[in-house]
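Chemist: Quick one, fold the following:
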Amino acid sequence: MNFSVNNVKEWLKKTNNLIQENKNYLTKLDQAIGDGDHGINMARGFDEAVNVTDDKQYDTVADILKDIAMTVMSKVGGASGPLYGTAFLRLSLSLKGKTEVGYADLTKALEDGLNGMKQRGRSDAGEKTLVDVWEPVVTFMKKKDAADADGLMEIAKSAVEKTKDIMATKGRGAYFKEKSVGNIDPGAMSSFYLFSALAEVLKGGGE
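Modeler: Residues are numbered from 1 along each chain as shown. Coordinates of the predicted model:
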């Protein structure tokens, strides 16, 4: 597997498509335990990231990931912009200087992205945030020697459903305390779209 610049563009476009299609659903989830703007913010930011990167030529995967990070940070409002932006920036830094990106490199980059979000958000798994999807996905990928797209999708889907049972202790959701239980975390759901899109790209085996 070689995860190329074109694969990143495909990943971004597929993620954006899922976010645009489910923008209202993300907003509905966020209305239950947040500010109600997650869908709008994510749709605006990822649409702009596609616009910025689509026709641009990149020499390395790290370069396009940095552009995505900067765009997401500036265009996605709320807490999600800094968190997703940090994740993509850590991916970029992790893969800097690599002309070819294999499965192990991609897995390590995603782990670095997860750790970056944990530091930025001062959060950990079990607090009803996007970390509750990222961590199981990264753990699953680290156990594999090669891409398992179907397995990745199943893990992400299971993880996002489990956020229903968690009481929020971080972010706006923490204000709702026990009332947050029974609701899927909106950031976890948008992360599910991100990893669903990645699974689709990995099914193609990279370039």
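
Chemist: Low-confidence ranges, the protein, go.
Modeler: The model of the chain has pLDDT under 70 over residues 170, 172, 174-175, 205-207.

Chemist: 90 instead, please
Modeler: In the predicted model of the chain, residues 1, 33-36, 77-80, 97-100, 121-123, 165, 167-180, 182-183, 204-207 satisfy pLDDT under 90.

Chemist: Now do the helices in it.
Modeler: Using DSSP state H, the helices of the chain run over 5-21, 23-33, 38-53, 61-75, 80-94, 103-121, 131-142, 149-162, 186-203.

Chemist: so which of the ones you listed gets nearest residue 176?
Modeler: With Cβ to Cβ as the measure, helix 23-33 is the member of these nearest residue 176 (5.1 Å). C-beta: built from backbone N, CA, C; applies to glycine.

Chemist: If you count neighbours, what's buried in that closest one?
Modeler: Applying a neighbour-count criterion of 16 or more other Cβ atoms under 10 Å, one finds 23, 26-30, 32-33 buried in helix 23-33.

Chemist: what sits up against stretch 29-46?
Modeler: Residues from elsewhere that reach stretch 29-46 (Cβ atoms under 8 Å, 6 or more residues apart in numbering): 12, 15-16, 19-20, 22-28, 71-72, 75-78, 80-81, 84, 128, 168, 171-173, 176, 179-180, 183-187, 189-190.

Chemist: show me the contacts for residue 62.
Modeler: Listed by Cβ under 8 Å, 6+ apart, the contact partners of residue 62 are 92-93, 95-98.

Chemist: Quick one, which of the residues you listed are buried?
Modeler: Buried members of these, scored by 16+ other Cβ under 10 Å, are 92-93, 95.

Chemist: Was I right to think residue 145 contacts residue 103?
Modeler: Yes: using Cβ atoms under 8 Å, residue 145 and residue 103 qualify as a contacting pair, with a distance of 7.4 Å.
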